[in-house]
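S.K.: Predicted model follows, preceded by the sequence.
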Amino acid sequence: MNPFLEISPSVKAALSNGQPVVALESTIISHGMPYPQNLETALQVEQAVRENGAVPATIAIIGGKLKAGLAEAEIEFLGKTGLAVTKASRRDIPFLLNNGKPGATTVAATMIIAEMTGIRIFATGGIGGVHRGASETMDISADLQELARTSVAVVCAGAKSILDIGLTLEYLETHGVPVIGYQTNDFPAFYTRKSGYAVDYCLNSPSEIAKVLNAKWLAGLKGGALIANPIPEVHEPEVVSVQAATEVAIAEAGRMGIRGNEITPYLLGKIKELTGGESLRANIELVLNNARLAARLAVEMAK
């Protein structure tokens with residue numbers, strides 16, 4: 001038993017009964033969107049998981065506990081507190097457990113807690129990756145290392161367009177992380193359906209993906225997998241405007257010397273401003289789309 005792990009009654013019951021469960025991150029609540037859209041979206045995402053046959057388990061660090069499954073009041077707390085909540089990755093976990101301060105879990109930290117809990121499927125917006133200019137800054141997200149070592153499958157809309165997507169995919173390939181395109185051969189770039197880079201394998205149904213994941217883990221191959229799920233075409237913003245906004249935001253961040261944990265929230269906020277809120281609307285839709293697929297995948301895995 002992990003003395004720091006606290007599983008909600010609904011998640012604990014589902015796991016005990018072999019029911020499908022989907023992990024959800026909390027950084028998107030505190031750092032990914034403004035209040036009240038963050039609270040509304042978090043609750044909509046949980047509902048999307050339920051409507052597709054699985055139990056949601058939003059994950060965070062609160063009161064010195066690794067919490068798998070949050071009450072609505074806890075989600076609202078993260079939404080209202082926003083950027084004052086620590087953005088928690090692997091390195092931050094012991095400090096937050098010791099000092100009792102709240103932490104909103106990134107992809108990496110959510111994977112860790114999901115695996116501790118026994119949850120194999122996790123839905124997020126987009127993963128972190130290799131940042132542009134990483135040959136000088138060495139700015140590479142801890143998400144990628146976690147995918148290599150933690151046996152949780154991550155459903156996402158690809159990597160954020162602010163990243164060097166080619167190098168991100170090279171890094172994943174080097175560390176043996178399979179990149180599966182759901183009904184696509186082209187790796188999506190978060191707001192947009194195509195990046196110009198290929199996935200490793202294209203699979204067309206949750207059942208096919210579940211069989212591959214089952215084979216991977218039954219064969220003793222540790223580590224995660226990335227399921228790239230493009231934003232629905234009807235919700236894809238104008239590609240040219242997003243690309244232009246991204247370049248402006250990156251250039252401005254460079255001039256201001258913004259880096260590390262601060263850069264992704266800054267860039268996403270700037271892109272939202274430059275696109276008149278279109279990027280935020282797309283962000284909400286792609287997260288819901290990923291939650292629906294993750295739930296269907298969890299159902300297949302539970303079989």
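M.R.: Thanks, I have the structure now.
S.K.: Every contact and neighbour count from this point should use C-alpha atoms.
M.R.: Noted.
S.K.: Please enumerate the helices of the protein.
M.R.: 9-16, 27, 37-51, 72-81, 93-99, 107-117, 134-137, 142-149, 165-174, 206-218, 239-256, 263-274, 278-302 (DSSP state H).
S.K.: what's the model's confidence in the third one, averaged?
M.R.: The reference is to helix 37-51. Mean per-residue pLDDT for helix 37-51: 97.
S.K.: elements contacting it?
M.R.: strand 55-62, helix 72-81, helix 278-302 (3 or more CA pairs under 8 Å, 6 or more residues apart in numbering; DSSP states H and E).
S.K.: Report the distance from it to the chain centre.
M.R.: In this view, helix 37-51 has its centroid 14 Å away from the chain centroid, taken as CA atoms, centre = their mean, to the nearest Å.
S.K.: in that helix, what's buried?
M.R.: 37-39, 41-50 (16 or more other CA atoms under 10 Å).
S.K.: Can you give the contact residues for it?
M.R.: 22, 28-30, 32, 55-58, 72, 75-76, 79, 284, 287-288, 291-292, 294-295 (CA atoms under 8 Å, 6 or more residues apart in numbering).
S.K.: Of those, just the buried ones, ChimeraX syntax please.
M.R.: Typed into ChimeraX, the line below selects the buried ones among these, using 16+ other CA under 10 Å:
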select :22,28,29,30,32,55,56,57,58,75,76,79,284,287,288,291,292,294,295
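S.K.: who's in contact with the spatially closest residue to residue 161 that is not a sequence neighbour?
M.R.: Counting by CA to CA, 6 or more residues apart in numbering, residue 161 lies nearest to residue 189, which is 5.2 Å off, once chain neighbours are set aside. Residue 189 makes contacts with 157, 158, 159, 160, 161, 165, 195, 230, as judged by CA under 8 Å, 6+ apart.
S.K.: Please identify which pair of those lies farthest apart.
M.R.: Farthest-apart pair in the contacts of residue 189 is 165 and 230; separation 14.6 Å (CA to CA).
S.K.: pLDDT weak spots in the protein?
M.R.: 137, 239-240, 260-261, 263-264 (pLDDT under 70).
S.K.: Kindly recompute the last result at 50.
M.R.: Counting by pLDDT under 50, the chain has no low-confidence residues at all.
S.K.: quick one on the thing from earlier: closest one of the contacts of residue 189 to residue 131?
M.R.: Using CA to CA, these come closest to residue 131 at residue 165, 8.4 Å.
S.K.: Just give the number of residues close to residue 221.
M.R.: By the measure other CA atoms under 10 Å, the count of residues near residue 221 is 13.
S.K.: The one 5 residues further on now?
M.R.: Summarising burial for residue 226: neighbours were counted as other CA under 10 Å, giving 22.
S.K.: Was I right to think it contacts residue 173?
M.R.: No. Using CA atoms under 8 Å, residue 226 makes no contact with residue 173, being 11.1 Å away.
S.K.: Distance from the chain centre to stretch 275-288, please.
M.R.: Taking CA atoms, centre = their mean, one finds stretch 275-288 lying 15 Å from the centre of the chain it belongs to.
S.K.: Give me the contact list for that stretch.
M.R.: Under the criterion CA under 8 Å, 6+ apart, residues 33, 41, 44-45, 48, 123-125, 156-157, 190-191, 230-232, 235-237, 241-242, 245, 271-272 lie in contact with stretch 275-288.
S.K.: now swap in stretch 198-213 and tell me
M.R.: Under CA under 8 Å, 6+ apart, the answer for stretch 198-213 is 153, 178-187, 225, 293, 296-298, 300-301.
S.K.: Give me the buried positions along it.
M.R.: By neighbour count with 16+ other CA under 10 Å, stretch 198-213 contains the buried residues 198, 199, 200, 201, 202, 203, 206, 207, 209, 210, 213.
S.K.: how far does it sit from the chain's center?
M.R.: On CA atoms, centre = their mean, the centre of stretch 198-213 falls 18 Å from the chain's centre.
S.K.: Of the contacts of residue 189, grab the buried ones for ChimeraX.
M.R.: This is how ChimeraX selects the buried members of the contacts of residue 189, with burial counted by 16+ other CA under 10 Å:
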select :157,158,159,160,161,165,195,230
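S.K.: Can you tell me how far the residue lying farthest from the centre of the chain is from residue 248?
M.R.: Centroid-distance maximum for the chain: residue 255 at 28.1 Å, with CA atoms, centre = their mean. Separation of residue 255 from residue 248 (CA to CA, to the nearest Å) stands at 11 Å.
S.K.: can you tell me how far residue 206 sits from residue 26?
M.R.: Using CA to CA, residue 206 is found at 24 Å from residue 26.
S.K.: Nearest to residue 110, out of the helices and strands packed on helix 37-51?
M.R.: strand 55-62 (6.2 Å).
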